[in-house]
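Visitor: how would this look folded up:
(one chain, ligands or ions: 1)
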Amino acid sequence: MNFNDELKARTAHVNAVLRDYLPQEKGFQKTVIEAVNYSMEAGGKRLRPMMMECTYQMYGGRGTVIGPFMAAMEMIHNSSLIHDDLPALDNDAMRRGRKTTHKEFGEPLAIMAGDVLLNYAYETAFRAFDQVLKADDPVSGYTRVAEALRVLAFKSGINGMLGGQSCDVEHDGQALTENQVEFINKTKTGALIEGSLMIGAILAGADSDQVRKLEEIGSDIGLAFQIRDDILDVTGNEQETGKPIGSDVRNKKTTYISLFGVQAGRHKVEQLSERALGTFDSLNAEHGFLRQLLEELATRRK
Ligand code: GRG
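Guide: Got it, this is the predicted structure:
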C-alpha cells in the first residue's frame, strides 16, 4: 500500500476507535455532550492517536489496551482546541472547515465542553485497566497502564501542554525571546506529540532508553510541527487548513516566523525533521509508515 492509501486507512481506523469511546448524548447534560461530540467528530488529521498506535505496533503491541489511550489523547487535544478558539484566547470562528464549538453552542457551553472533554479523557484512559485484566499477564499490563497514565497526565499538564499555553496567553501581544518561543512551542504543541509516541511504546513494553529516544523525536517533531503551523498561518490556504489565515498577526503573537521570517522557519523545520529521523533510525525497531509520516509533517499543507 502506498503512503497516502495507508494514511487514509489509518485515519479511518482511528476514527472508528474514537467512535467507540465517545460519550452517549443523553440525560440532562445532553447538550454539553453534543458539544463534545461536535468537536470530536469534526475530523482533523488524528495524528496523535495514529502515532501512538504506530509506536505500539513498532514494539510488538497487538492488544486492545491502546484504544482507550488513543481516544484519551485525541480528547485532550480536542479540549485544547475548543478552548484555544474561544474569544478570550484566539477568538477563531472556523476550525477544520466548520464553525468552532463556541460559535455553534455559545461560549458558556464551549468552556464546559473543553473541561468535560479533558476530564472524560482520563475517565476513558482508566478503562485500559479493564482491558489488561483480561490479558495473560495482568501484573505487567497494570504496570504499563499506570506508567502510560503518568505520561499522559504529565505531558498534558503544567509541565506540558497547559504550561506552554498559559505562558503563550500571558504574553499575548508582547515581544518574546527565541528561548521563550521555543519553550511555548515545545510544551503547548510538542508535549502531546512526545506523549503519544511514548505511550504507544510503553504499553507495548519498550525499555526506558527506547521511550526516552521517542520523547526526543517527539520534541523535535513537535517544535517543527508548531513552526510549520505558524508558516501556514502566513502562507497557507484556508480551504486546505480549514481555519482562517493570519490569526497570529491578528492576535499580535510572537512566533518563530515573526522573529525570523518564513524562510528561516522552513530551514529550522528541515533541520529538526532531519534530526528526528536520525534518532528514529537509531531505535532498534522499524515502522516504515511512521517514519514517512514524520518526514511528511515537515512539508504538510494542512
Ligand atoms: C483544555 C482546560 C483546557 C485548556 C486548553 C487552549 C489550551 C489549553 C491549549 C492550546 C494548545 C494548542 C491549541 C496548541 C496548538 C497545537 C496545534 C498545532 C494544533 C493543531 O493540531 P493539528 O494540526 O489539528 O493536529 P487537527 O485539526 O488536525 O487535529
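
Visitor: please enumerate the helices of the stretch 151-300 of the chain.
Guide: Remark: helices assigned in the stretch 151-300 of the chain by DSSP state H, counting those that start in this stretch are 161-170, 178-184, 191-204, 208-235, 238-241, 247-250, 256-260, 262-281, 288-296.

Visitor: what pLDDT does the closest residue to the ligand within the chain get?
Guide: Closest residue of the chain to the ligand, C-beta to the nearest ligand atom: Gly44 (3.1 Å). Placement of C-beta: from N, CA and C, glycine included. For Gly44, the pLDDT comes out at 95.

Visitor: a helix runs through it, doesn't it?
Guide: No - using DSSP: H, G, I helix; E, B strand; the rest coil, the secondary structure at Gly44 is coil, not a helix.

Visitor: residues contacting the residue nearest to it when sequence neighbours are not counted?
Guide: Sequence neighbours aside, Arg96 is the residue nearest to Gly44 in space, at 5.6 Å (criterion: C-beta to C-beta, 6 or more residues apart in numbering). Going by C-beta atoms under 8 Å, 6 or more residues apart in numbering, Arg96 touches 42-44, 242-243.

Visitor: and the strand or helix carrying Met75, what's its mean pLDDT?
Guide: Using DSSP states H and E, the element containing Met75 is helix 66-84. Computed over helix 66-84, the mean pLDDT rounds to 98.

Visitor: whether it contacts the ligand - can you check?
Guide: Yes - counting by C-beta under 6 Å from any ligand atom, the ligand has neighbours in helix 66-84: 79-81, 83-84.

Visitor: mind checking the SS state of the closest residue to Phe129 other than its chain neighbours?
Guide: Using C-beta to C-beta, 6+ apart and skipping the chain neighbours, the partner closest in space to Phe129 is Val145 (5.8 Å). At Val145 the chain is in helix, as set by three-state DSSP.

Visitor: so Val145 touches Leu133, yeah?
Guide: No - between Val145 and Leu133 there is no contact under C-beta atoms under 8 Å: 10.2 Å.

Visitor: more neighbours: which of these two?
Guide: Taking neighbours as other C-beta atoms under 10 Å, Val145 and Leu133 compare with Val145 leading, 25 against 10.

Visitor: OK, contacts around the more buried one?
Guide: Neighbours of Val145 in contact, by C-beta under 8 Å, 6+ apart: 65, 128-129, 132, 203.

Visitor: please list which of those also come close to the ligand.
Guide: Among the contacts of Val145, the ligand is touched by none when using C-beta under 6 Å from any ligand atom.

Visitor: pick the one among the residues you listed closest to Asn91.
Guide: When the contacts of Val145 are ranked by distance to Asn91 (C-beta to C-beta), Ala128 comes first, at 36.3 Å.

Visitor: who's in contact with the closest one?
Guide: Ala128 neighbours (C-beta under 8 Å, 6+ apart): 65, 67-69, 145, 148-149, 203.

Visitor: so which of those residues wins on neighbours?
Guide: Ranking the contacts of Ala128 using other C-beta under 10 Å puts Phe69 first, with 29 neighbours.

Visitor: hang on, isn't that one packed against Ile199?
Guide: Yes - using C-beta under 8 Å, Phe69 makes contact with Ile199 at a distance of 5.3 Å.

Visitor: between those two, what contacts are shared?
Guide: With C-beta under 8 Å, 6+ apart as the test, Phe69 and Ile199 both reach 52, 148, 152.

Visitor: format the residues you listed as TSV; extra columns: pLDDT.
Guide: Below are the shared contacts of Phe69 and Ile199 laid out as TSV (pLDDT from 0 to 100):
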residue	pLDDT
Met52	98
Ala148	98
Leu152	99
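
Visitor: now distance to the ligand too, for the residues you listed, in JSON lines please.
Guide: Shown next, in JSON lines, are the shared contacts of Phe69 and Ile199 (distance: C-beta to the nearest ligand atom, whole Å):
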{"residue": "Met52", "distance to the ligand": "13"}
{"residue": "Ala148", "distance to the ligand": "20"}
{"residue": "Leu152", "distance to the ligand": "14"}
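
Visitor: from these, which land in strands?
Guide: Members of the shared contacts of Phe69 and Ile199 lying in strands (criterion: DSSP state E): none.

Visitor: got a markdown table for those residues, with distance to Thr177 too?
Guide: Output for the shared contacts of Phe69 and Ile199, formatted as a markdown table (distance: C-beta to C-beta, whole Å):
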| residue | distance to Thr177 |
| --- | --- |
| Met52 | 33 |
| Ala148 | 34 |
| Leu152 | 30 |
